[in-house]
Structures are given as C-alpha cells and as structure tokens.
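S.K.: Please find the sequence and the predicted model below.
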Amino acid sequence: MSHTARQFILSLEGVNKTFDGYKAISDLNFYMDEGELRVLIGPNGAGKSTLLDLITGRTRPDTGKIEFGKDINLIRLNEYEINRLGIGRKFQTPSVYIDHTVFENVLLSLDGRRGVFASLFFRLKPEQRDRIHEILTLIGLADKGETKAGNLAHGQKQWLEIGMLLAQNPRLLLVDEPAAGMTDEETARTGELLLSLSGKHSILVIEHDMAFVRQLARKVTVLHQGTVLCEGTVDEVQNNPRVVEVYLGRKHERKTA
Ligand code: ADP
Ligand code: MG
C-alpha cells in the first residue's frame, strides 16, 4: 500500500540512527493518523525512546524523512521549533515545579510560557483561569489547585504533567510510559484520561503494561531492533509468532518499567 496519498499527522520513512556503531533505529517506517491514539511497545532497547528523541529533534537521524502534518519537515528544525509547532513530550519521570501549586504549574505552561515565572505576577485573564480549571478537571485535580505540586502522589504528578502539556494545546502528544510506578487504579484513570484526549489530539504512548495497552485497545506498533516488527490490534500483536518470540523469556521484565 502506498502511503503517499494519505494525510498523516506524523510520518517517518527510511529513518536510520546509529550510536557509536550501534544501530538504534533501522530503516524505520512509521505513520500516524490525525487524532489517533497509538500505542508503541517493544522490548528494552528496541529504540522506543530514541524514536521520540528523533521526532522531537533531540536526536538527528542519519538518514530518512520525518514529517509533521502536511509537508513540515522536522529534520531541519530544532527542539524548540518542533515544540512550538505543537508537539509535546512527556518524559517518564514527572518534572513539575514542586514548590508551586498545581494551578501555578499549569499557568506556567500556558501558551508556551513554561519557565517564565514572571507570568505569576501578572493578572490572569478570565479565559486563562477558565482554561486552567478546565485542564485541572480533565486531569482529575480540580480540587488540588492550591496544593503544592511536591505534595502530590506519584500518579497525580504524572497527570499534572500531562495537564501542563495540554496547556500548550499540542496537536501531537508523545507520552513515555505514563503508567510506570502507578497503582492499578491510577493506571486505569490514566487510560481513561488518554482515551478522553484522543480525537482532539493525536497521541503516541509508549507502554509496557499489557493490561494498560489492552485498556487503550487501539492500534499497537511493536518495535524491535529499531524497526517495526508488526502493527495491529492488541490481540493481533499478542498472537503474532514473531512478537511472541521477541518477548519470550521477558515476561517478568515487562511489567516493571
Ligand atoms: P527503549 O526506549 O526501547 O528501551 P532506547 O531508544 O532507549 O530503547 O535505546 C535504544 C538503543 O539506543 C539502546 O541500546 C541505547 O543504549 C541506545 N541509545 C539511545 N540513545 C542514545 C544516545 N543518546 N547515545 C548513545 N546510545 C543511545
Ligand atoms: Mg525507553
């Protein structure tokens, strides 16, 4: 099937990346539709985080094409420019301003103002206040606005960071192992949150926990040795003999992120 006629939010073609002779990404082709919620799985070292590094401009590919939306070539842009285009990334460990309240954390992220502490001293516009409350409700922290971010539970910090990304209104959200270290209940709520955001945003989630992947129940891409091993529904990939082989003996490792 030719991909050239379709309009993707994100497309990578023939991408290669070598680190000191080690091929981390190898002839990778990867496409995402607008509004899609995609789950990326694969054993440790498969190149999942490197894929996010390549999309966000943190790492440059040796060869290949990386495009965002219609004809935006990401390869020529730096991290800041790529972020400003509407690509937000959530790293595995939450990075919130622990001495600031939950409300202030979201405020600092509004309109790409993250890091501009001066914004705390300006009068808030009513629409900004409304937007922050809307985000806090979405991430389940509506009653935690005045709580110092440092006092939140681990799961709540992760949601806050997702909220901080949402404040930038990204078209594409990249989320690396959001459920790592979460309780089962927090994991389920994270799944609900991501599902509620799909459609409005395109979301790429890296995840190990297969119960969580099943909850999201969307198209799954399996990465192995820097390339796509297979794509399909959760059942399709779990029953794929090549996937079973790759994961064989890794069952215990997988749950712990
Ligand atoms: P995953 O996220 O699937 O576990 P990674 O993308 O983190 O895998 O890593 C893939 C491989 O690339 C690993 O062998 C890793 O050590 C290597 N790698 C990733 N980033 C770098 C880097 N900046 N410098 C050198 N090696 C790297
Ligand atoms: Mg990783």
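M.R.: All right, it came through fine. Numbering: from 1, shown residues only. Ligands and ions are numbered 1, 2, ... in the order given.

S.K.: who's in contact with stretch 17-30?
M.R.: Stretch 17-30 is contacted by residues 10-16, 47, 50-51, 54, 59-62, 64, 221, 225-228 when judged by CB atoms under 8 Å, 6 or more residues apart in numbering. Heads up, the C-betas are built off the backbone N, CA and C, glycines and all.

S.K.: of all of the stretch 1-150 of the chain, which residue lies closest to ligand 2?
M.R.: At 3.3 Å from ligand 2, residue 49 is the closest residue in the stretch 1-150 of the chain, using CB to the ion.

S.K.: Surely that residue is within a helix?
M.R.: Yes. According to DSSP: H, G, I helix; E, B strand; the rest coil, residue 49 belongs to a helix.

S.K.: OK, contacts around the residue nearest to it when sequence neighbours are not counted?
M.R.: Nearest residue to residue 49, sequence neighbours excluded (CB to CB, 6 or more residues apart in numbering): residue 176, at 6.1 Å. By CB under 8 Å, 6+ apart, the contact list for residue 176 reads 48, 49, 52, 89, 90, 91, 92, 206.

S.K.: how close does residue 176 get to ligand 1?
M.R.: As judged by CB to the nearest ligand atom, to the nearest Å, residue 176 and ligand 1 stand 8 Å apart.

S.K.: what comes into contact with whichever strand or helix holds residue 246?
M.R.: For residue 246, the enclosing helix or strand under DSSP states H and E is helix 241-247. Helix 241-247 has contacts (CB under 8 Å, 6+ apart) with 42, 43, 222, 224, 229, 230, 237, 238, 254.

S.K.: Mark which of the contacts of stretch 17-30 are buried, thanks.
M.R.: Among the contacts of stretch 17-30, those buried by neighbour count (16 or more other CB atoms under 10 Å) are 10-12, 15-16, 47, 50-51, 54, 59, 61, 64, 221, 226-228.

S.K.: The residues you listed in helices, which ones?
M.R.: Counting by DSSP state H, the buried ones among the contacts of stretch 17-30 place 50, 51, 54 in helices.

S.K.: Close to ligand 1: what parts of this structure are there?
M.R.: Applying CB under 6 Å from any ligand atom, we find that the chain lies next to ligand 1 at 19, 22, 24, 42, 44, 45, 46, 47, 48, 49, 50.

S.K.: 5 Å instead?
M.R.: 19, 24, 44, 45, 46, 47, 48, 49, 50 (CB under 5 Å from any ligand atom).

S.K.: Quick one: these as JSON lines, columns for pLDDT too.
M.R.: Formatted as JSON lines, those follow (pLDDT from 0 to 100):
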{"residue": "19", "pLDDT": "97"}
{"residue": "24", "pLDDT": "97"}
{"residue": "44", "pLDDT": "91"}
{"residue": "45", "pLDDT": "93"}
{"residue": "46", "pLDDT": "95"}
{"residue": "47", "pLDDT": "97"}
{"residue": "48", "pLDDT": "96"}
{"residue": "49", "pLDDT": "95"}
{"residue": "50", "pLDDT": "97"}
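
S.K.: part of a helix, is residue 29?
M.R.: No. Read with three-state DSSP, residue 29 is strand and lies in no helix.

S.K.: Let me see the confidence value for it.
M.R.: Residue 29 is assigned 98 on the pLDDT scale.

S.K.: Quick one: neighbours of it, just the number.
M.R.: 14 (other CB atoms under 10 Å).

S.K.: Equivalent analysis for residue 246, please.
M.R.: By other CB under 10 Å, 19 other residues sit near residue 246.

S.K.: mind checking how far it is from residue 208?
M.R.: 13 Å (CB to CB, to the nearest Å).

S.K.: for residue 22, same thing?
M.R.: Residue 22 is 22 Å from residue 208, by CB to CB.

S.K.: what's the answer for residue 100, then?
M.R.: In this structure, residue 100 and residue 208 are 31 Å apart, going by CB to CB.

S.K.: Where do the strands of the stretch 151-257 of the chain begin and end?
M.R.: Ranges of strands in the stretch 151-257 of the chain, per DSSP state E, counting those that start in this stretch, are 172-176, 202-206, 220-224, 227-232.
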